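K.L.:
Fold the following, please.
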Amino acid sequence: MASSKSFSIQCASTDRWSLSFRLLYLGRGLPSKVSIFMWRLLRRLLPFPDTLQRFGFSMPSVCPFCRRDSASLDHCLLSCASVQDVWIYFADIFALSRAVASSIRSQCHSWWLLAPARSATMFYAQLLPCLILWFLWKAYNVCLHEGTAFSPAGSIHMIKREAFLISLSHPIKKSGGNGDFLVSAGLVTGFAAPLQRTTIWVKWLHPPEGRLKLNTDAIFSDAGAAGGACVRGSRGQLIVGLCFRFEASSAMEAETLSLQLAVQWCAAFAMAPFAVEVDSLSLANLISAHDTRIPWRIEPAVSYVRSTLSLWGSSIRHIYREANHVADALATAGLGFNTSKIFILYTHCLLRLSWPYFLM
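P.N.:
Okay, here's the model as predicted:
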């Protein structure tokens, strides 16, 4: 808590109980209400009789669970014989000791330090003590204010149900075979499927013999907007490189204007490309799908490109940026010009671009 009375995660994480606050505020899956409750609990700010006594309030203090001992924070949420049934049930699932800890903080730490990092067991070993304390706190208030009897089995059921629902909203990956007992105990619905990684070889593909291919790209930044395009032959040789300067209000508009200007230049010099490639998937889909609604700012440009490509019998497709390096580099270089530029020789381009762009 800063002098300005503002609170942040950074303030909490620098507290002397750094392990507790790191788990409560940065842990994945813990509901916000439970996180705030645990902060108040570990700071002993919950309205139990022993806590209120520090502020000068004295009141009857009988545990609403066992109705024998005094109601204190540690007794009602940890050491009460009725409450111990709940702790022991979940401790047996995780093969933890049944011995009663000296305090709630020690009890939580014995759970939080139970399992190796980045495992399913660790995730639930950190989550469950928070849920247990949260539902015991709710049961304490129900018994205190409504006069009902405490049911350990009912609390266990609600804790398991909450853990099950969290497993649905935050699927976790199983590390080895150490998480199977969580499923059999009814705490987890299942585990997230392992991430499948696929390697894709990306390269610029040559057009058929005697045909041309047009690649375009654009850049949109605080420095302005610019476009780049290149026409290459069947052996990968550069026919022409183009740089455009224009005004645009979005990256999508910049990509569209760059494509329109490149197509207009090709039409003016009778260079009908066999194929057109862009690294904007949205633009490629917009040009290809004639039943798609076009944003009004780029409608004239999209309509022109559609009609021109249809007249040429050319196709447009999306490619990855790694296969569009030449157009991308020309667009970047275009930001350094005040007007549009045309490159018709490799040597002209090499003054602005590096060799590797032309070796792809």
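
K.L.:
does Thr216 really touch Ser258, like I thought?
P.N.:
Yes: contact status for Thr216 versus Ser258: in contact at 5.0 Å, counting by CB atoms under 8 Å. The way it works is simple: take the backbone N, C-alpha and C, and place the C-beta from them, glycine included.

K.L.:
okay, and the common contacts of these two?
P.N.:
227-229 (CB atoms under 8 Å, 6 or more residues apart in numbering).

K.L.:
A strand includes Arg245, no?
P.N.:
Yes: Arg245 forms part of a strand when assessed by DSSP: H, G, I helix; E, B strand; the rest coil.

K.L.:
quick one: average pLDDT of the longest helix belonging to the chain?
P.N.:
When secondary structure is assigned using DSSP state H, the longest helix within the chain turns out to be helix 120-146. Per-residue pLDDT values across helix 120-146 average out to 90.

K.L.:
Repeat that for stretch 152-165.
P.N.:
92.

K.L.:
Check which residues of it are buried.
P.N.:
With burial defined by 16 or more other CB atoms under 10 Å, the residues of stretch 152-165 counted as buried are 152, 155-156, 158-160, 162-163.

K.L.:
What is the nearest of those to Arg105?
P.N.:
Proximity to Arg105 was ranked across the buried residues of stretch 152-165 by CB to CB; first place goes to Ile159, at 19.8 Å.

K.L.:
What about the shared contacts of Thr216 and Ser258, which are in strands?
P.N.:
Residues of the shared contacts of Thr216 and Ser258 located in strands (DSSP state E): 227-229.

K.L.:
between these, which is nearest His325?
P.N.:
Gly228 (10.3 Å).

K.L.:
Look at the closest residue to that closest one other than its chain neighbours and say how many residues are nearby.
P.N.:
Distances taken as CB to CB, 6 or more residues apart in numbering put Leu330 closest to Gly228, at 2.9 Å, once the chain neighbours are dropped. When counting by other CB atoms under 10 Å, one arrives at 29 neighbours for Leu330.

K.L.:
Now do Leu330 against Gly227, distance only.
P.N.:
Going from Leu330 to Gly227 by CB to CB, to the nearest Å gives 8 Å.

K.L.:
next one: Leu281
P.N.:
Separation of Leu281 from Gly227 (CB to CB): 18 Å.

K.L.:
Those two: who's more crowded?
P.N.:
More neighbours surround Gly227 than the other of Leu281 and Gly227, with 29 against 12 (other CB under 10 Å).

K.L.:
Contact partners for the more buried one?
P.N.:
Residues counted as contacts of Gly227 (CB under 8 Å, 6+ apart) are 216-219, 242-244, 246, 254-255, 257-259, 261-262, 331, 334.

K.L.:
roughly how far apart are it and Gln260?
P.N.:
Where Gln260 is concerned, Gly227 sits at a distance of 9 Å (CB to CB).

K.L.:
swap in Gly56?
P.N.:
With the distance defined as CB to CB, Gly56 ends up 77 Å from Gln260.

K.L.:
more neighbours, these two?
P.N.:
Just comparing Gly56 and Gln260: by other CB under 10 Å the higher neighbour count belongs to Gln260, 22 against 6.

K.L.:
Report the secondary structure state of the more buried one.
P.N.:
helix.

K.L.:
My guess is it contacts Arg306. True?
P.N.:
No: with contact defined as CB under 8 Å, Gln260 does not count as touching Arg306 (10.6 Å).

K.L.:
and the angle from the helix or strand that the longest helix of the chain is followed by to helix 120-146?
P.N.:
Past helix 120-146, heading to the C-terminal end, the next element that is a helix or strand (DSSP states H and E) is helix 152-169. Taking axes from the mean of the first three to the mean of the last three CA atoms, to 10 degrees, helix 152-169 and helix 120-146 form an angle of 130 degrees between their directions.

K.L.:
Which neighbouring elements make contact with helix 152-169?
P.N.:
Counting contacts by 3 or more CB pairs under 8 Å, 6 or more residues apart in numbering; DSSP states H and E, helix 152-169 packs against helix 81-93, helix 120-146.

K.L.:
Measure how far that helix is from the centre of its chain, please.
P.N.:
Put simply, helix 152-169 sits 26 Å off its chain's centre (CA atoms, centre = their mean, to the nearest Å).

K.L.:
Let me know the next secondary structure element after that helix.
P.N.:
Once helix 152-169 ends, the next helix or strand along the chain (criterion: DSSP H and E) is helix 180-184.

K.L.:
name the element Asn38 belongs to?
P.N.:
Slight slip there: residue 38 is Met, not Asn. Met38 is part of helix 32-42, with elements assigned from DSSP H and E.

K.L.:
oh, I was asking about Leu242
P.N.:
In this assignment (DSSP H and E), Leu242 forms part of strand 238-246.

K.L.:
List the residues that contact Phe65.
P.N.:
76, 80, 82-83, 139-140, 143, 150 are the contacts of Phe65 under CB under 8 Å, 6+ apart.

K.L.:
Mind putting the residues you listed into CSV with distance to Pro207 and neighbour count?
P.N.:
Supplementary listing: those in CSV, determined by distance: CB to CB, whole Å; neighbours: other CB atoms under 10 Å:
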residue, distance to Pro207, neighbour count
Cys76, 77, 29
Cys80, 79, 24
Ser82, 79, 21
Val83, 75, 24
Ala139, 73, 24
Tyr140, 75, 22
Cys143, 78, 19
Phe150, 77, 22
